[in-house]
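Trainee: Mind looking at a prediction? Sequence and model below.
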Amino acid sequence: MSENASPKTNASLMRRLTAFLPKSFQEGKLPYVFFFLSLIITLLLMLSVISPYPHAKPVFLSLAAFLMLMLLLVHLGLSLAWAVHLGSAASAVVLLYAIWAAGGSFASPMTWLMVLPLTPFYVLGRKEGMVWLLLTLLLQAMVAVLTGLEIWPALPLTGEDNFTSWVTATAATGVLVIVPLLYARLYQKALRQGMRDQQALELKKKELEHTLLMREHFVATISHELRTPMNAILGFNALLLARLEGHPKARKVLDHTQQSADHLMTVINDILDYSQMEAGELVVQQERFELRPMVTHAFELFVPRVKSMEIDYRMLLDPDLPVWVSTDRHRLVQVLVNFLGNALKFTHQGSVVMRVQWQNPGVLFSVQDTGIGIAPERQSQVFKRFSQAEDDTQALYGGNGLGLSISHRLAQLLGGEIGFESETGKGSRFWLQLPLKAESAPLKKDVAATPLQTPQVSWRFLIADDHPVNRLLVQHVLKNAWPLCQTVEVSNGQEALQALQQQPFDLVLMDMVMPVLDGIAATQKLRQEWPEPACRVLVFGLTANFNPVDLERFKAAGLNDVMLKPFEPSQFCHRVESLLLTQGVAA
């Protein structure tokens, strides 16, 4: 922390000091030039006072005045390059005079001559610095020659001392400039490499962002393509089940179909939930519901499968459990179904027992089995995605390795904890603890359980969907609910608009993804381009696209309501009727 604090503090101090300078000295290298020359001017003024040489005071004061003049000219518009060259030239003249007055090449001002190239090098650049380096070396050679020829007054030393003094000054000058040159070269090389690495990272970042975008698009597309036929399978299966009350053999076949379809929907939902979890879009929605019926529903989903297995499948509910609780019912069922599904998958004999215990407050859900168990060395991988206990588990028992990973994340979103205990060959116990508390019963009853209010009304429905099987399903669901209703089918949004021009409808059932003109564009055209009152016809969205961005676009286009496929026929009909009775009158 302290290593990073110093540069930040220095930069902050420099910004504060720069704020006091004239605007002409507040950009680029000019603030540093201003402070550097101010320091040199201060040193010259001090030397003019303390120097023992007789002519030092006027010389140093003259140079200080000249540097002040350069600062003023830069402020008035003189280029920085000219100011640096003129200042360096003036400094060279003053130093030569000081060297002459102090004893030639043996004089101490020779040391100051060494630093002459540094200002052009750092302020203007490498080329200007090299030019002034050559000039400085020439001046040092000239001083040595003039001192050796006794043209300049010298201290009482030998010629060998003169040569040594010149060599020393020249070498020191070279080292003083070469070291920054090498550093600058290495810095530039490292900077170029850093820029290349940065460009490579930026390119990689764009590739990863594109890959993520394509993955989300792929998941959304494959989810839509899978849910579309599943909508027909589950929908027609529900219609057939409702008509086969007195045919147990036929119902048994349909129960198996329902079970397989539910399993396939679990896989599809796991893929979609995983995608949303990766994007940080997996959310929970609180609702109040009866706890016992919800748990019983999750438990009974596997009863048809258990009938063909020789295991003890039981559910134990604490008598002290609250009647009503509040959490995300769908997500809780998802976790319990995952626990039960895994227990049955890995248990061939013995028992699978689900317990729900009241902890006052809080509810503990657990599923215990007598299955194959999990080896100790594999237990740390259980809640990781795409992970299963053994390498051959998927081949032997199936599954995608996502269920427990998603359940772990859902437990966190629900505010609870999840865990397990397991022993190889003796079975496992998975548990979920949620901070639930007893709630009061809601005032409103479940609408899906109540009969429709308008079964004899001849509503006019327009069904827009590019899949004929889905259109047939919706038509059958509507005819079952409203035997006198009229239905018209179209395969895309353009045909839907043409149908609306030809005759009036009470409600349009609009799919989102269709060829020619999709549901979003068709709804937008209807709302924005059609005249009153035709533009206010009710539009009920039906889509298998679960992508949150696409759903928001669909809703924003002007939908009155939207429902996701596959849908439950009873809930669908009640929502359609509610829309017709509330907003249909106004439309």
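Mentor: On my side now, so go ahead. What you see is a predicted model, and the numbers here were worked out from it, not measured in a lab. Residues are numbered from 1 along each chain as shown.

Trainee: Now do the helices in the stretch 351-500 of the chain.
Mentor: Counting by DSSP state H, counting those that start in this stretch, the stretch 351-500 of the chain has helices at residues 393-397, 403-413, 468-481, 493-502.

Trainee: Report the contact partners of His408.
Mentor: His408 makes contacts with Phe383, Ile418, as judged by CB atoms under 8 Å, 6 or more residues apart in numbering. From N, CA and C alone the C-beta is placed, and that goes for glycine too.

Trainee: Can you tell me how far it is from Asn360?
Mentor: 25 Å (CB to CB, to the nearest Å).

Trainee: Repeat that for Glu27.
Mentor: According to CB to CB, Glu27 and Asn360 sit 70 Å apart.

Trainee: next one: Leu201
Mentor: Going from Leu201 to Asn360 by CB to CB gives 54 Å.

Trainee: would you say Pro504 is within a strand?
Mentor: No: counting by DSSP: H, G, I helix; E, B strand; the rest coil, Pro504 falls outside a strand, being coil.

Trainee: Quickly list the domain ranges of the chain.
Mentor: Domain ranges of the chain: 22-157, 283-434, 450-586, per automatic domain parsing.

Trainee: rewinding a little: from the helices of the stretch 351-500 of the chain, which stretch is densest packed?
Mentor: Stretch with highest mean neighbour count among the helices of the stretch 351-500 of the chain: helix 403-413 (a mean of 20; mean count of other CB atoms under 10 Å).

Trainee: Just the C-alpha atoms of that helix, please, in PDB.
Mentor: Coordinates of each C-alpha in helix 403-413 appear next as PDB, following Å, rounded to 0.1, in the frame of the first residue of the first chain:
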ATOM      1  CA  GLY A 403     -28.200 -29.300 -10.900                       C
ATOM      2  CA  LEU A 404     -26.300 -29.100  -7.700                       C
ATOM      3  CA  SER A 405     -24.200 -26.100  -8.800                       C
ATOM      4  CA  ILE A 406     -27.400 -24.200  -9.600                       C
ATOM      5  CA  SER A 407     -29.000 -25.400  -6.400                       C
ATOM      6  CA  HIS A 408     -26.000 -24.100  -4.400                       C
ATOM      7  CA  ARG A 409     -26.400 -20.600  -6.000                       C
ATOM      8  CA  LEU A 410     -30.200 -20.700  -5.500                       C
ATOM      9  CA  ALA A 411     -29.700 -21.400  -1.800                       C
ATOM     10  CA  GLN A 412     -27.500 -18.300  -1.600                       C
ATOM     11  CA  LEU A 413     -30.100 -16.200  -3.400                       C
END
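
Trainee: If you tally nearby residues, what's the number for the residue lying closest to Val284 once chain neighbours are set aside?
Mentor: Nearest in space to Val284, with sequence neighbours left out and distances taken as CB to CB, 6 or more residues apart in numbering, is Asp328 at 3.9 Å. By the criterion of other CB atoms under 10 Å, Asp328 has 18 neighbours.

Trainee: these two touch, right, Asp328 and Leu414?
Mentor: Yes: proximity of Asp328 to Leu414 meets the contact threshold set by CB atoms under 8 Å, at 6.4 Å.

Trainee: Identify the contacts common to the two.
Mentor: By the contact definition CB under 8 Å, 6+ apart, Asp328 and Leu414 are jointly contacted by Val284.

Trainee: Pull the contacting residues for Val93.
Mentor: Not one residue lies near Val93 by CB under 8 Å, 6+ apart.

Trainee: From Val562, how far out is it?
Mentor: Applying CB to CB to Val93 and Val562 gives a distance of 86 Å.

Trainee: mind checking which helix or strand Met195 is in?
Mentor: According to DSSP states H and E, Met195 maps onto helix 159-243.

Trainee: Got the phi and psi for the residue lying closest to Trp132 once chain neighbours are set aside?
Mentor: Closest residue to Trp132 apart from its sequence neighbours, by CB to CB, 6+ apart: Pro117 at 4.1 Å. Here is the backbone geometry of Pro117 (degrees, to the nearest 10): phi -80, psi -10.

Trainee: how many other residues sit next to the residue lying closest to Val325 once chain neighbours are set aside?
Mentor: Distances taken as CB to CB, 6+ apart place Leu436 nearest to Val325, at 4.4 Å, with adjacent residues excluded. The number of residues packed near Leu436 is 24, by other CB under 10 Å.

Trainee: what do you get for Ser91?
Mentor: Applying other CB under 10 Å, we find 20 residues neighbouring Ser91.

Trainee: so what's it up against?
Mentor: By CB under 8 Å, 6+ apart, Ser91 lies in contact with Leu63, Leu116.

Trainee: which parts of the host helix or strand of it are buried?
Mentor: Secondary structure assignment for Ser91, by DSSP H and E: helix 80-102. Across helix 80-102, burial judged by 16 or more other CB atoms under 10 Å covers 83-88, 90-92, 94-102.

Trainee: how near is the residue nearest to Thr296 when sequence neighbours are not counted to Gly493?
Mentor: If the residues on either side of it in the chain are set aside, Thr296 comes closest to Met315, at 7.1 Å by CB to CB, 6+ apart. To Gly493, Met315 is 48 Å away according to CB to CB.
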